[in-house]
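Colleague: Quick one, what's the 3D model for this:
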Amino acid sequence: MLARVAEEAAYANRALSAALDRARGLSPEDRALGTELVYGVLRRQARIDRALEAVSDRGLSDVDPRVRVALRVAAYQMLFLDRIPHYAAVNDAVEACKRIRGGRLAGLANALLRRLGERGEPPLPDPARDPLGHLVEAAGFPEWLARLTLAELPAAEAVAFADASTAPAPLAIRANRLRVDPNGLRARLAAERPGAVVEEAPHAPDALLVRGMDAPFATTAWREGLFAVEDLGAQRVVALAGAAPGERILDACAGVGGKSAHLAALAGGGAAIDAVDIAPAKLDEARRLFARLGVRGVSTRVVDLLQPWRGDQKYDRVLLDAPCAGLGVLRRHPEALGRRSPADVAHLAAMQGRLLDTVAPLVRPGGTLTYSVCTFDRAECDDVIARFQERHRRFGADAPTLRTWPHRDDADAFFAVRLRANG
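Modeller: A predicted model of the protein is given here:
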């Protein structure tokens, strides 16, 4: 899986999910360990490579890519997983290297990893005295992202955000009020998974935080459509957008349908929701989600919002959860750390403005437009909205701006604003 992420630009969550579906003979413990290794290596890759470089005479740049992956997996276990004996991690890596490229490179792996076991990780920069160094060396942020983070947040908060972005995200779920309330869902999960801890989450009335639950998608509560997996930040965005019976709502950039399903639940199934997206495969997945959750009143349509809108339909509410750099969801998509650049941010900000221009005329007088992104940089957040309001002066702020953060709220970093169309 790690080789696919590195060589094919695969998304870790989808690649891992597909691999685990195929590996039906794995025990729950091994499935959990496989998940830990994939995400752990991606989150800590900069620190792992730094530690391996320190014990290598020639560096890692010329090492075979598949061997480099095996070294990272072993080093992660040695540096960050106390429950894995060093000798077991080393032996597994050596055997993997033998299968990949033969005995010579297996010997190199053995020597490097044993040296790492003896010396450990080199000291990291002090976050109080060198926050930039900490963000780069400890959190693995590229320097441009580290500087951007420090420009957006005070140094201590930037460090806290970076550290939270390299930690595992909690499992946040939403009780599907079309079928159950949060208390009823807690009771069902307690009966099915008595060892799990299920807690109410602040600021999101239908949200629960779940810890210590194995295979949540294998529960009968999941199969019966009693809950959906939805980050706390995303749940608060949908709550900000709102929904009521009898309304006509557009979920622009609907993706796999999580927001549409939540809007339908907020309206008690009584709203007419159009879920549009440019990707047919995502809308196929959305329809499967609606079927599992018992969602009614949502229609799906493939639409490219960068092209002129066809039709004269006006909406009471429009939610635009726009494509963005995803800097607020790094703990869920750590592979993005090495894939984004400042040029991406500028390109996406321009696209977000065009998407807003497309949906703005669809909001009826008195209706609302909610814009959200799962990122925190000013260019895609405040600046996009400021420029939009300069072009569309009938839209004014209708609620306080919403921002969520992993280090403050145990949520992904979201930005959202709700605007009302006056006249």
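Colleague: Now whichever strand or helix holds Val345: average pLDDT?
Modeller: Taking DSSP states H and E as the criterion, the element that holds Val345 is helix 342-359. Averaging pLDDT along helix 342-359 yields 97.
Colleague: Could you give me the buried positions within it?
Modeller: 344-345, 348-349, 351-353, 355-356, 358-359 (16 or more other CB atoms under 10 Å). (C-beta placed from N, C-alpha, C; glycine too.)
Colleague: Check which element follows it along the chain.
Modeller: Counting by DSSP H and E, the next helix or strand C-terminal to helix 342-359 is strand 363-373.
Colleague: what's the closest of the buried residues of helix 342-359 to Ala243?
Modeller: Among the buried residues of helix 342-359, Val359 lies closest to Ala243 (CB to CB), at 16.5 Å.
Colleague: surely that closest one meets Ala322?
Modeller: No. Counting by CB atoms under 8 Å, Val359 stays clear of Ala322, with 9.8 Å between them.
Colleague: which residues make contact with the helix holding Val345 from outside it?
Modeller: By CB atoms under 8 Å, 6 or more residues apart in numbering, the residues outside helix 342-359 that reach it are 144, 148, 250, 252-253, 305-309, 318, 320, 322-325, 369, 371, 373, 377, 379-380, 383-384, 387-388, 391-392.
Colleague: With stretch 188-200 instead?
Modeller: Counting by CB under 8 Å, 6+ apart, 180, 182, 186, 207-214, 216, 219-221, 226 sit against stretch 188-200.
Colleague: Return the members of the residues you listed classed as buried.
Modeller: 180, 182, 186, 207-210, 213, 216, 219, 221, 226.
Colleague: Need the residues you listed in JSON lines (columns: secondary structure and pLDDT).
Modeller: Output for these, formatted as JSON lines (DSSP: H, G, I helix; E, B strand; the rest coil; pLDDT from 0 to 100):
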{"residue": "Val180", "secondary structure": "coil", "pLDDT": "97"}
{"residue": "Pro182", "secondary structure": "helix", "pLDDT": "96"}
{"residue": "Arg186", "secondary structure": "helix", "pLDDT": "95"}
{"residue": "Ala207", "secondary structure": "strand", "pLDDT": "97"}
{"residue": "Leu208", "secondary structure": "strand", "pLDDT": "96"}
{"residue": "Leu209", "secondary structure": "strand", "pLDDT": "94"}
{"residue": "Val210", "secondary structure": "strand", "pLDDT": "93"}
{"residue": "Met213", "secondary structure": "coil", "pLDDT": "85"}
{"residue": "Pro216", "secondary structure": "helix", "pLDDT": "88"}
{"residue": "Thr219", "secondary structure": "coil", "pLDDT": "93"}
{"residue": "Ala221", "secondary structure": "helix", "pLDDT": "97"}
{"residue": "Leu226", "secondary structure": "coil", "pLDDT": "98"}
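Colleague: Closest one to Leu232 out of these, please.
Modeller: For these, the nearest to Leu232 is Ala207 (5.5 Å; CB to CB).
Colleague: burial of the closest residue to that closest one other than its chain neighbours, as a residue count?
Modeller: Among residues not flanking Ala207 along the chain, Ala201 sits closest, at 3.9 Å (CB to CB, 6 or more residues apart in numbering). Neighbourhood size, Ala201 [other CB atoms under 10 Å]: 22.
Colleague: Ala201 contacts Leu209, correct?
Modeller: Yes. Proximity of Ala201 to Leu209 meets the contact threshold set by CB under 8 Å, at 5.0 Å.
Colleague: what is in contact with the two at once?
Modeller: Common neighbours of Ala201 and Leu209 are listed as 172, 232, 410 (criterion: CB under 8 Å, 6+ apart).
Colleague: For those, pick the one with the most neighbours.
Modeller: Among those, Leu232 has the most neighbours (other CB under 10 Å), with 26 neighbours.
Colleague: Now that that one has come up, it's in contact with Pro205, right?
Modeller: No. The pair Leu232 and Pro205 fails to qualify as a contact (CB under 8 Å) at a distance of 11.3 Å.
Colleague: Can you mark which positions in stretch 68-81 are buried?
Modeller: Across stretch 68-81, burial judged by 16+ other CB under 10 Å covers 68-80.
Colleague: right, I mislabeled it, should have said stretch 56-64
Modeller: 56, 60, 63.
Colleague: And the contacts of it?
Modeller: Applying CB under 8 Å, 6+ apart, the contact partners of stretch 56-64 are 49, 52-53, 68, 71, 100-101, 105, 108, 112.
Colleague: What about the shared contacts of Ala201 and Leu209, which are in strands?
Modeller: Ala172 (DSSP state E).
Colleague: shaky segments in this structure?
Modeller: Residues of the chain meeting the criterion pLDDT under 70: none.
Colleague: how does it look with 80?
Modeller: Applying pLDDT under 80 to the chain flags residues 24, 28, 59-60, 101-105, 214, 423.
Colleague: Please determine how far Gly270 is located from Arg248.
Modeller: 11 Å (CB to CB, to the nearest Å).
Colleague: Quickly find the element holding the closest residue to Lys98 other than its chain neighbours.
Modeller: Residue nearest to Lys98 in three dimensions, not counting chain neighbours: Ala106, with 4.4 Å by CB to CB, 6+ apart. If you go by DSSP H and E, Ala106 is part of helix 103-119.
Colleague: hmm, who's touching that helix?
Modeller: 51-52, 54-56, 63-64, 67, 70-71, 74-75, 78-79, 86, 89-90, 93-95, 97-98.
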